[in-house]
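# here is my input, please return the structure:
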Amino acid sequence: MKTLRLALLSLLGFSALMNSCSKEKSFEVPGGGNVNAEWEFKENKDYKGKIDTATIENFGTSINTLIVEGTSSDGKELLSIQVMGINLTAGATYKTPQVLFQYFSSTATVYTSDITAIGDFTVVITKIDSASVTGTFSGKVKDSLNTNKTIVDGKFSAKLHTTPNPPVGNGQLTFWAKSSCTAGGNISVKLSNNQTGAITAFTPNEPTCGAAGTAAFTLPAGVYNWKANCGTQDSTSGIVTVQANQCVKLEVVFAPPTNCLISDIAFYDYTTNLPFGSIRSTYNASKVVNNIQFIDSVNGVVMNNWNITYPTGRVQIDPIQYFLLDASGRIIEFHGYGDPSDNTSALFITKYTYDANGYMSGYSSAYADTPAVTVWRGVLQWTNGNLTKLTEDDPSAPGSIRFETTYDYYATTVKNFIYTLPLPEITLFQTAINAGKKPLNGLKTETIKAIDPSNGNVIDTSVTNYDNYVIDPAPNQYVRSFRQIDPSDPTNAIKLVLSYKCF
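As a prediction, the model looks like this:
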């Protein structure tokens, strides 16, 4: 089962997040032709399954990448093949480091090629056109115990999907305010493209897009920095993503916030400050989230758009996916996809329990078609208001790898922070749900150990650090941004920027 950790998160990193975005069917254009979407390979035994999607992506660069993803015949294992710098018009042979092969079970990586082992893994594209792609693959891999294995007789064939270019055109951006600053008077707004505007009228409720008295802009789709000034003392700033044919409305607030809820979680490359994507929530007049968008900021595309409703006893995400609630309004079950942003992933039922202090104490997941068989579970331990240990395993496979995650925290307390639970449905929909109390302090370090249950040996350890926090001064200690970094690979650091809706 795919788990997303803190930054959508440390298990996937953000390149994998973008890969999962690419599978959203509503943004793919099917190719033609009669092609059997199948794959197979051998390593001690035969492995077979279906191709879920085969796409060409360029992630905003001139380099085209073929991404082939599929599931095993029983739907419990995942195949992924990536070929970078692929020729779109003719067959060719590609070797590591241009190719990456991965095969996952519900609990661990079964096989993976070594991207640094030049020439050790080969993919041969035997045919490729606008409608389909076929190929073969073979080579050296590592198994879950880091033992050398060899994949042979690998084959795949699939219809080829192409992701359309990002929508072109302009979007609208409207700044408004309930009141002026202490000095009074208009509020000036300046964007990073040097356009300026002014808020000259103040309203108690969010106005319509471009209303009189607001600072309204019509802009090409993209990411913009903004800054608002009032008088000689007050200023505030932020970052906003403008989507084609949409209107974004931002409230400018100078007074110290006292009741603010997260409205946007944005992800950036820490070194270049270029945006990857964001999870954007819109609140209605009743201070309830009624829309959540999952945005690919690289291509300026809304990958998922969920209109949230609240029937009695549940939070309805879409016609298929929903949460059930207990009497206090906390989520107790999720019915939906293993990756809620991908409607081709397997359907699961996940159940949650809480301790006497209101913190989540455990969760368990089962395939929707076999709800009595738990295939993933987590046991959470909390200390002084913070999640300090998480133990995860697959009780249906007692010999499978167990994961133990420990968390360390800074002494600084934070207010209305994000849920750091490694569950994709909570990460994506956290602004619309109550999953129990959140950690009291800023997360400092996450250490994940993969353990062989037969002998208790640690197979692998990964560490992620969280630092460079920007936090509002006490007593309203809202986190504005922080960095997620793997100390063994500091070049891939991610910056998370949080925006808030204040009431």
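# how about stretch 239-253: buried residues?
Along stretch 239-253, these residues count as buried under the neighbour rule (16 or more other C-beta atoms under 10 Å): 239-244, 246, 248-253. For glycine as for every other residue, the C-beta is placed from the backbone atoms N, C-alpha and C.
# ok, how many other residues are close to the nearest residue to G119 once chain neighbours are set aside?
Computed as C-beta to C-beta, 6 or more residues apart in numbering, the closest residue to G119 that is not its neighbour in sequence is K95, at 4.7 Å. Counted with other C-beta atoms under 10 Å, residues neighbouring K95 total 15.
# same check on D467?
Neighbour tally, D467, other C-beta under 10 Å: 14.
# okay, M303 and Q484: tell me how far apart.
Distance of M303 to Q484, computed by C-beta to C-beta, to the nearest Å: 21 Å.
# please identify which of the two sits among more neighbours.
Neighbour tally, M303 and Q484, criterion other C-beta under 10 Å: the higher count belongs to Q484, 26 against 21.
# was I right about the more buried one contacting A493?
Yes. Assessed by C-beta atoms under 8 Å, Q484 is found in contact with A493 at 6.8 Å.
# before we move on, the earlier item: quick one: contacts for the residue nearest to G119?
Applying C-beta atoms under 8 Å, 6 or more residues apart in numbering, one finds that K95 lies in contact with 118-123.
# please apply the same query to N146.
Contacts of N146 (C-beta under 8 Å, 6+ apart): 459-460.
# phi, psi for it please.
Backbone torsions for N146, taken as degrees, to the nearest 10, come to phi 70, psi 30.
# make 57 the starting number, not 1.
Sure thing, new numbering starts at 57, so read that last one as N202.
# which SSE is immediately downstream of the host helix or strand of N347?
Secondary-structure assignment from DSSP states H and E places N347 in strand 345-352. Next along the chain after strand 345-352, taking DSSP H and E as the criterion, comes strand 357-363.
# next one: the helix or strand that comes right after that following strand to chain centre, how far?
Using DSSP H and E, the helix or strand that directly follows strand 357-363 along the chain is strand 370-372. Taking C-alpha atoms, centre = their mean, to the nearest Å, the mean C-alpha location of strand 370-372 is offset from the chain mean by 21 Å.
# report the buried residues of strand 370-372.
371-372.
# quick one: list the elements packing against that strand.
In terms of contacts (3 or more C-beta pairs under 8 Å, 6 or more residues apart in numbering; DSSP states H and E), strand 370-372 is packed against strand 378-381.
# check which element follows the strand it packs on along the chain.
strand 387-393.
# ok, and what's touching that next one?
371, 373, 376-382, 399, 401-409, 424, 481, 489-491.
# may I have the strand ranked longest in the chain as CSV, with CA atoms only?
Taking DSSP state E as the criterion, the chain has its longest strand at strand 514-527. C-alpha atoms of strand 514-527 as CSV (Å, rounded to 0.1, in the frame of the first residue of the first chain):
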residue,chain,number,x,y,z
VAL,A,514,17.5,-3.6,10.9
ILE,A,515,17.7,-4.0,7.1
ASP,A,516,17.7,-0.3,6.2
THR,A,517,17.5,3.1,8.0
SER,A,518,16.5,6.4,6.5
VAL,A,519,16.5,9.8,8.2
THR,A,520,14.7,13.0,7.2
ASN,A,521,15.4,16.3,8.9
TYR,A,522,13.0,19.3,9.2
ASP,A,523,14.5,22.7,9.8
ASN,A,524,14.6,26.4,8.8
TYR,A,525,11.2,26.9,10.3
VAL,A,526,9.6,30.4,9.9
ILE,A,527,7.0,30.7,12.7
